[in-house]
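In: I need the structure of the sequence given here:
(one chain, ligands or ions: 1)
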Amino acid sequence: MEQSTAAASAGFDPLLCFAIGPSLGFTERFYWQEPGGQRIMVGLGSVATLEAQGPERFRQLAGAWQHLIAEALVAARPALAAHKPPLLFGGFAFDPEQPRSALWEGFPDGLLMLPAFLFTFAAPEPTLTLNVLVAADRDPLQLGDDIVAQLEVLAQALSSPPDVPPAMPAVTTPSSLHLESLLPPAAWMEQVAQAVRQIRRGAYEKVVLARAVRLLRQDRSFEPEPALWRLREGYQEAYLFAFSRAGSCFLGATPERLVQAQGGALETMALAGSAPRGRTLHEDEQRACELLGSSKNQREHQIVVEVLRQALASLCTEIHSDPEPHLRRLKNIQHLETRITGRLQPGRSILEALEELHPTPAVGGFPRAAALAAIRAGEQLDRGWYAAPIGWVDAAGNGSFAVALRSALLRGHEATLFAGGGIVADSDPASEYAETRWKFRAMLGALGVEEDDDENSF
Ligand SMILES: C=C(O[C@@H]1C=C(C(=O)O)C=C[C@H]1O)C(=O)O
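Out: Presented below is the predicted three-dimensional model:
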């Protein structure tokens, strides 16, 4: 497959860097790829993990991050670096007010980690960053020897990496896979009908309801590498992410940027309103025209644009948004998208932007508090890190976070996949259900379930 220029110039595949993690004894690792492969980062191991619980998690982590930066000694070639070290990677739970189930063990309400090794494939050149936590009583000579030894082990592992993807059939035989909805489809559609009734009564204007399906695999456990490999082939224009911890891996290919900040320039997007791709060019155009002309989808979308603009008002100057949405076309689905930009006020950080923006009405609803209450009361699902911010932040306050959609949590022989959709006054439960099925396609395909398998079972 075609690699980004930065990755190609490094001479090896970033996925290999991710794949060698377990052989070096690293149980925590991440893979992060921005749209078009312009920036790929792989982190192995964690020398510092900042964790926070509860609604104050963004502030708590911002404080802990400042503390870490203040104490860091950085030796880097600033002119050549694609970011200002130290760089932390992490994610957040969708709703800190909702109790976490056993499924999401190891994925707290907020987590930022400082990887032991960080590979960055981005302009101007690929880099390797080594992070070490130095205690006051550490012998500097011994420290130097340890670093050299670590680099030797790393070089050795990279020179004889495991096969990626590990040997497995391109498409798994359906008999070894079992797919089931966590909630029967009829019960989920009843939830949607109930939300529509509440909306019509004026309780709120929009709510995003999600559901999960579970994939069980008898022959072997799910591994992130082959799934990432397939996502990379089909979803180059998405953010690809994988975060392994505590025996699980949360991964996905999401089209939705939550926020990106670079040198004070901030970018976010409204992504809401969906239609399937057509099977022929003609059908595809027809679906696109219907989506652009659908007042239901346009309304759903406009709510997101308005709320994002308001959220940015307290953080940014020079806020601009596209005058109208354009189409964002992915392999199995197309959306309405509006780009929104601003300039961060001096001293404000991307973590503050996360706090303001999350959850946007694209994944929560509107008004926010009423929609979140409806999700807590009705959804019967622990979303965990699904539909929440995932990404990185550096010492200069630059960073990039996506909304973790089109995603799954892998644990041993089980994969739990998540998808949802925006419900408004004129939503139809059966159409919303169908929409979640298109959205599941990205991860189902990545995990080896073919297009027409189990057509009626999820
Ligand atoms: C909630 C999801 O997607 C979100 C909801 C959309 C919609 O309702 O049209 C579109 C894109 C996303 O913002 C999901 O993929 O699970």
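
In: use CA for all of it now, contacts and neighbours both
Out: Will do.

In: what mean pLDDT does stretch 159-178 get?
Out: The average of the pLDDT scores along stretch 159-178 is 65.

In: what does stretch 55-62 give?
Out: 95.

In: give me the residues contacting stretch 280-287.
Out: A275, P276, R277, G278 (CA atoms under 8 Å, 6 or more residues apart in numbering).

In: again with stretch 236-254
Out: Residues outside stretch 236-254 that contact it (CA under 8 Å, 6+ apart): 27-37, 105-107, 224, 228, 231-232, 235, 255-257, 330, 402-412, 442-443.

In: among the residues you listed, which lie within helices?
Out: With helices taken from DSSP state H, the overlap with these comprises P224, L228, L231, R232, A442, M443.

In: chain neighbours aside, what residue packs nearest to the third one?
Out: Counting by CA to CA, 6 or more residues apart in numbering, the nearest residue to L231 once its immediate chain neighbours are dropped is A446, at 5.8 Å.

In: my read: the one you found touches L228, true?
Out: Yes. Counting by CA atoms under 8 Å, L228 is a contact partner of A446 at 7.1 Å.

In: which stretches of the stretch 101-250 of the chain have low pLDDT?
Out: Where the stretch 101-250 of the chain drops to pLDDT under 70, the residues are 163-174.

In: what ranges does it have for its strands?
Out: In the stretch 101-250 of the chain, the strands defined using DSSP state E, counting those that start in this stretch lie at 110-122, 127-130, 177-181, 206-217, 239-245, 248-254.

In: the ligand is nearest to which of these?
Out: Closest of the strands of the stretch 101-250 of the chain to the ligand is strand 206-217, at 6.4 Å (criterion: CA to the nearest ligand atom).

In: okay, the angle between the closest one and strand 177-181?
Out: Computed by axes from the mean of the first three to the mean of the last three CA atoms, to 10 degrees, the angle separating strand 206-217 from strand 177-181 equals 150 degrees.

In: residue numbers of the stretch 251-400 of the chain in contact with the ligand?
Out: Applying CA under 6 Å from any ligand atom, we find that the stretch 251-400 of the chain lies next to the ligand at L271, A272, G273, S274, A362, V363.

In: what's the local residue count around the fourth one?
Out: In this case it means S274. Neighbour count for S274, taken as other CA atoms under 10 Å: 27.

In: can you pull the phi and psi angles for it?
Out: Backbone torsions of S274, given as degrees, to the nearest 10, read phi -140, psi 150.

In: before we move on, what about the second one?
Out: Reported as degrees, to the nearest 10, the phi and psi values for A272 are phi -160, psi 150.

In: could you double-check that it lies in contact with N297?
Out: Yes. The pair A272 and N297 qualifies as a contact (CA under 8 Å) at a distance of 7.4 Å.

In: report the secondary structure element holding E352.
Out: Using DSSP states H and E, E352 sits within helix 350-357.

In: per-residue confidence at the residue of the stretch 201-350 of the chain found nearest the ligand?
Out: Nearest residue of the stretch 201-350 of the chain to the ligand (CA to the nearest ligand atom) works out as G273 at 3.4 Å. The model reports G273 with a pLDDT of 94.

In: ok so, going back, can I get the ones in helices among the contacts of stretch 236-254 in JSON lines with distance to the ligand?
Out: Putting the ones in helices among the contacts of stretch 236-254 into JSON lines (distance: CA to the nearest ligand atom, whole Å) gives the following:
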{"residue": "P224", "distance to the ligand": "20"}
{"residue": "L228", "distance to the ligand": "18"}
{"residue": "L231", "distance to the ligand": "15"}
{"residue": "R232", "distance to the ligand": "18"}
{"residue": "A442", "distance to the ligand": "10"}
{"residue": "M443", "distance to the ligand": "11"}
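
In: helices of the chain, start to end?
Out: For the chain, the helices defined by DSSP H cover 5-10, 14-19, 57-71, 140-159, 185-200, 224-234, 281-293, 295-313, 350-357, 368-378, 429-446.

In: just the angle between the fourth one and strand 110-122, please?
Out: I take that to be helix 140-159. 70 degrees.

In: what's the answer for the fifth one, then?
Out: On the basis of the same axes, to 10 degrees, helix 185-200 is oriented at 100 degrees to strand 110-122.

In: report the buried residues of helix 185-200.
Out: Along helix 185-200, these residues count as buried under the neighbour rule (16 or more other CA atoms under 10 Å): P185, W188, M189, Q191, V192, A193, A195, V196, Q198, I199.

In: contacts for it?
Out: Here helix 185-200 makes contact (CA under 8 Å, 6+ apart) with 204-207, 209, 211, 374, 378-379, 423-430, 432-433, 458.

In: what about 10 Å?
Out: 181-183, 201-211, 371, 374-375, 378-380, 421-433, 456-458 (CA atoms under 10 Å, 6 or more residues apart in numbering).

In: next one: the second one
Out: Helix 14-19 is contacted from outside by 3, 7-8, 29-33, 40-44, 117-121, 154, 157-158, 160-166, 223-226, 228-229, 232, 242, using CA under 10 Å, 6+ apart.
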